[in-house]
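Asker: 3D model of this:
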Amino acid sequence: MRILVVSPAFPYPLIKGIKIRLFNLLRQLARRHEIHLAVMTQPEDPDPSPVLEAICSTITRLPPPRRIWDPEHPTNLFQDAGRVLRKLLDRRPHLAYIHLTREVEDAIARLPMAGVDLVFCFRTYLFPPVAAAAQDRPLVVDFDDVEHAKFAAQSRLMAGRAEAWLTRWESRKHRAWEFAIAHRAAASFVCSEIDRRRFPVSCQERIHVLPNGADFDSDGEGRAVRPADEVPGRLLMVGDMGYMPNADGAVTFCERILPRVRERLPEVELCIVGNHPGREVLALAKIPGVRVTGFVPEIAPWFQSASVLVVPLRFGGGTRLKILEALHWRRAVVSTPAGCEGLDLESGKHLVVASTDEEFANAVVELATNPVYRRELGERGREWARQTYGWDRIGDGLLKVMEAVVKAAPVA
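Answerer: Numbering: from 1, shown residues only. Next up, the predicted model:
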């Protein structure tokens, strides 16, 4: 079977969740099928990319999205006002506006479709031109981040601020956009049952849960179990800091939770690791013992050296790959309920879920000072997650749905 995958994000190197998910879905599809990738690129994306070329028969580079906002280079008041006005007047979600340039639409329309059996649209930003190019071919969509739910949760946290109304408006636009796409697609994927239930009952039968995962069998020599890798008292927070939920979580943790931890553990260290830290996140590095790294070429050493992964997210979409990666390395995790939403893990057995700032600080202190409990939690979490969230197991479900969609499609 020949599958065309169209994505707004280049899937390598594996430095953020969207890249990790897409790369592994491509790898699983390539187990049995011929993959052709059409992907939007940024100047920093590698060309050539031998790792991707080993998976994909062809790689077509699409033009980049509009660069209208960069957390590392804030815009001025005039530019901000223009962005707000555009959000108010454009019926499309703002993320669709960013990605759907005339150049991108024209490039997608020119994609060679001869012999393509199925089209896989990763995320929804590029859906209209992808659907037009697919014509009568079956079209499958991956909602790895259900945007309308994320913006709705964000607006609730903004209650009383002027931005809350605009965020609610974006949530409504994403809701209409995502519901229409779910009805149009032959099949769709989401990361959890919670996300599946966010869609209308009329299309839920064609929406399948395809969770995020990790390569739990990749450390065959047991490197992840060496206690000497840990740096005592090192807390880790990872993620793209240009992604609003991650940036908000980092600021919230440093302002409201870290001081409570420091009262009992003055020497504790927090490493905030991830791309695109904006001014608010960069300012956290002024706090003694807080390190903001920005881009790092490899994330594994940070997981290996951490004692505890903290996931203080207050809103977001999909499921957290960072939790599964931490469990892959047998690291203890403390998360808010929003941070681990959709993952079938039990608090106190596989990780610790904390609903308040005080609970979060207490859990961090207990794990940081109790190495036996910390390692037991990491071991149990890894074993449970390995049975459910291994990429090979997830790939079996992905292939089953894709092949069933093509089999059920009318003959052209």
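Asker: going forward, measure contacts between C-alpha atoms and count neighbours the same way
Answerer: Will do.
Asker: What is the burial count for Cys121?
Answerer: For Cys121, the number of neighbouring residues by other C-alpha atoms under 10 Å comes to 24.
Asker: helix, strand or coil for it?
Answerer: Remark: Cys121 carries the secondary structure label strand [criterion: DSSP: H, G, I helix; E, B strand; the rest coil].
Asker: now do Pro48
Answerer: Under three-state DSSP, the three-state class of Pro48 is coil.
Asker: any idea how far Arg320 is from it?
Answerer: Applying C-alpha to C-alpha, to the nearest Å, the value for Pro48 to Arg320 is 29 Å.
Asker: More neighbours: which of these two?
Answerer: More crowded of Pro48 and Arg320, by other C-alpha under 10 Å: Arg320, with 23 against 9.
Asker: Kindly provide the distance from Ala404 to Ala187.
Answerer: Ala404 is 10 Å from Ala187, where distance means C-alpha to C-alpha.
Asker: In terms of helices and strands, where is the nearest residue to Arg198 once chain neighbours are set aside?
Answerer: Distances taken as C-alpha to C-alpha, 6 or more residues apart in numbering place Ala149 nearest to Arg198, at 7.8 Å, with adjacent residues excluded. With elements delineated by DSSP states H and E, Ala149 resides in helix 147-157, which encompasses its position.
Asker: In this structure, where is pLDDT below threshold?
Answerer: When residues are selected by pLDDT under 70, those of the chain lie in 68-84, 218-228, 411-412.
Asker: how many neighbours does Pro13 have?
Answerer: There are 16 residues near Pro13, going by other C-alpha under 10 Å.
Asker: That one: what's it in contact with?
Answerer: When contacts are counted by C-alpha atoms under 8 Å, 6 or more residues apart in numbering, Pro13 is found next to Lys19.
Asker: tell me the SS of it?
Answerer: Counting by three-state DSSP, the three-state call for Pro13 is coil.
Asker: so how far is Leu52 from it?
Answerer: Shown here: Pro13 relative to Leu52, a distance of 10 Å by C-alpha to C-alpha.
Asker: cool, Glu255 as well?
Answerer: Noted for Glu255: a distance of 41 Å to Leu52, by C-alpha to C-alpha.
Asker: Isn't the residue nearest to Arg198 up against Gly317?
Answerer: Yes: Ala149 lies in contact with Gly317 (C-alpha atoms under 8 Å); the separation is 6.7 Å.
Asker: Neighbour count: the two, which is higher?
Answerer: For Ala149 versus Gly317, the count of surrounding residues by other C-alpha under 10 Å is larger for Gly317: 24 against 20.
Asker: Please work out how many residues are found near Ser171.
Answerer: Other residues within reach of Ser171 by the criterion other C-alpha under 10 Å amount to 22.
Asker: by contact count, what packs against the helix or strand harbouring it?
Answerer: In this structure, Ser171 is located in helix 162-184 according to DSSP H and E. In terms of contacts (3 or more C-alpha pairs under 8 Å, 6 or more residues apart in numbering; DSSP states H and E), helix 162-184 is packed against helix 77-89, helix 147-157.
Asker: what does that helix contact?
Answerer: Contacts to helix 162-184, defined as C-alpha under 8 Å, 6+ apart, come from residues 84, 87-88, 91-94, 124, 127, 141, 146-152, 154-156, 158, 188, 199-200, 203, 207.
Asker: Would you mind listing which of those are buried?
Answerer: Among those, the ones that count as buried by 16 or more other C-alpha atoms under 10 Å are 87, 91-94, 124, 127, 141, 146-152, 154-155, 188, 199, 203, 207.
Asker: same for the helix holding Ala149, what does it pack against?
Answerer: Packing contacts for helix 147-157, counted by 3+ C-alpha pairs under 8 Å, 6+ apart, involve helix 162-184.
Asker: Parallel or antiparallel, list what pairs with the helix or strand that the helix it packs on is followed by.
Answerer: Note on helix 162-184: by DSSP H and E, the next helix or strand toward the C-terminus is strand 187-190. On the basis of DSSP bridges, the sheet neighbours of strand 187-190 come out as strand 139-143 (parallel), strand 207-209 (parallel).
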